[in-house]
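K.L.:
A predicted structure for the sequence below; I have some questions about it.
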Amino acid sequence: MARHKAGVFVAMDEATPDHNLMDTEICHECDLKVEIPPLGINQKALCPRCGYLLSANRANSLARIQALAITSLIFLFISLAFDFISFKSSGLENNVKMLDSLDILMDSGYIALAIIKLVTVFIIPAFVLCALIYLLVFIRNGRYPWQGDRLMNMILLLIPWNMAEIFLVGTLVSLIKIVSLADIILGPSFFAFILFSIAMTATLLHIDKRQLTLALAATRAKGHVNTDAKVESTHQAINPSLSIQRTWALIITSIMLFIPANTLPIMNTRLLGQDDPSTIIGGVLLLWHHGSYPIAMVIFIASILVPIAKILVLIWLNYSVQTNSMSLEQQRIVLYRIAEFIGRWSMIDIFVVIVLASLVQLGNTMSIVPGAATFAFTGVVVVTMLAAISFEPRLIYNDKSAYEHRTTS
């Protein structure tokens, strides 16, 4: 019997004959069928082949998620009610609320940027939180929620597109960039949004797909609800050719967008009637020249290094699965996880532009407007995220028999 120690418990692969009290789970990243025993408090299950976290059982996890989700939603609403930031320069003042910035962007003709902020910072987080609260109210009362499984799948699908914490970092970077040019006053909504971002991050960190699935299944069985004909399986068969072709198309698109994103101005500063366009690399060099080394490094890493590294990693991964490479499996899966996680953080520079464009609007005295590169760079971030989603990590482990031979020998 092959045993694979994972964390604080033993996970066994599909060759294990002892199936008592075991629950079968197919690893999302390497397609290995793993049998998971009932988990105790603070125990977790890792895939014995690729190390993917299959499940984690935390104490009072459902109650914690519900409490954190409600807290997050409260702080989100508070952040919309008061002044977010006040900007004073040359006797002129601009007070901005969170939703006022959307009006400013739309009035200036930047509807796409307003939609990006509205969807990624407000709509998606609010929907995820409301959906979680709805599910957990029913689950904790032993009742199966209407469309529970589909709603849970929607939550998991939308989580990567929640960018509240990235917007917060982008706001901090933008304030550091202009603090020498004007007086900045942080309003109550700014601090409420910080608390919202912290609570939202804590909520998402507590979510465990398998534990929620088991809780939903328990309420479904208790209520004798038959959803077999309605619920679609989240583990589908792989179509290698389609996955590889789609990923190549997205990679090529991101490369084409990356060129104008770094050659065209990402924003234009108008000071006393004079225009000063700035590219991404130009902004990094300017920050470095003024001694803002940490901020220059953050922008350089997030806006230049990360997109390039992610594109190169996706190229290598897609080429390796296309050629059926069986080498460096562990290294490739680690790089895939890193690329999938950090890719969204490239949105920092876009949020910097959004904050500055909505805050610094003092007519001919001083104003900042987005440049053409803003839209190209947004396209780079979105397309590379879609490429990472399109890439099928299960294709990395294409020699299942070799693994089974190693574990049984």
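P.N.:
Here it is on my side, so go on. Residues are numbered from 1 along each chain as shown.
K.L.:
so N94 sits in a strand?
P.N.:
Yes - N94 sits within a strand when classified using DSSP: H, G, I helix; E, B strand; the rest coil.
K.L.:
Leaving aside the residues adjacent along the chain, what's closest to it?
P.N.:
Spatial nearest neighbour of N94, excluding adjacent residues (CB to CB, 6 or more residues apart in numbering): F87 at 4.6 Å. To be clear about C-beta, it is placed using only N, CA and C from the backbone, and glycine gets the same treatment.
K.L.:
Need the residue closest to the centroid of this protein.
P.N.:
Centre of the chain computed as the mean C-alpha position; nearest residue by CA atoms, centre = their mean is P160, 3.0 Å away.
K.L.:
Contacts only, for that one.
P.N.:
By CB atoms under 8 Å, 6 or more residues apart in numbering, the contact set of P160 is 344, 385, 389.
K.L.:
Filter those residues down to the ones in helices?
P.N.:
Assigned to helices by DSSP state H, the following of the contacts of P160 qualify: 385, 389.
K.L.:
Buried ones from the contacts of P160, can you make that a ChimeraX selection?
P.N.:
Buried members of the contacts of P160, defined by 16 or more other CB atoms under 10 Å, are picked up in ChimeraX with:
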select :344,385
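K.L.:
pretty sure the residue nearest to N94 contacts S101?
P.N.:
No - contact criterion CB atoms under 8 Å: F87 and S101 do not qualify, at 11.5 Å.
K.L.:
Mutual contacts of these two, please.
P.N.:
Residues within reach of F87 and of S101 at once, by CB under 8 Å, 6+ apart, are L359.
K.L.:
if I've got this straight, I85 is in a strand?
P.N.:
Yes - the assignment for I85 is a strand, going by three-state DSSP.
K.L.:
Mind pulling up the pLDDT for S197?
P.N.:
Here, the pLDDT recorded for S197 equals 95.
K.L.:
give me the number of residues near it?
P.N.:
22 (other CB atoms under 10 Å).
K.L.:
From S358, how far off is it?
P.N.:
As judged by CB to CB, to the nearest Å, S197 and S358 stand 18 Å apart.
K.L.:
and I104, what element?
P.N.:
Using DSSP states H and E, I104 maps to helix 100-107.
K.L.:
dump the residue contacts of the closest residue in space to Y397 that isn't next to it in sequence.
P.N.:
The spatially closest residue to Y397, leaving aside those adjacent along the chain, is C30, at 4.1 Å (CB to CB, 6+ apart). Residues near C30 by CB under 8 Å, 6+ apart: 47, 49-50, 52, 333, 393-394, 396-397.
K.L.:
again, but for A126
P.N.:
With CB under 8 Å, 6+ apart, A126 has these contacts: 73, 76.
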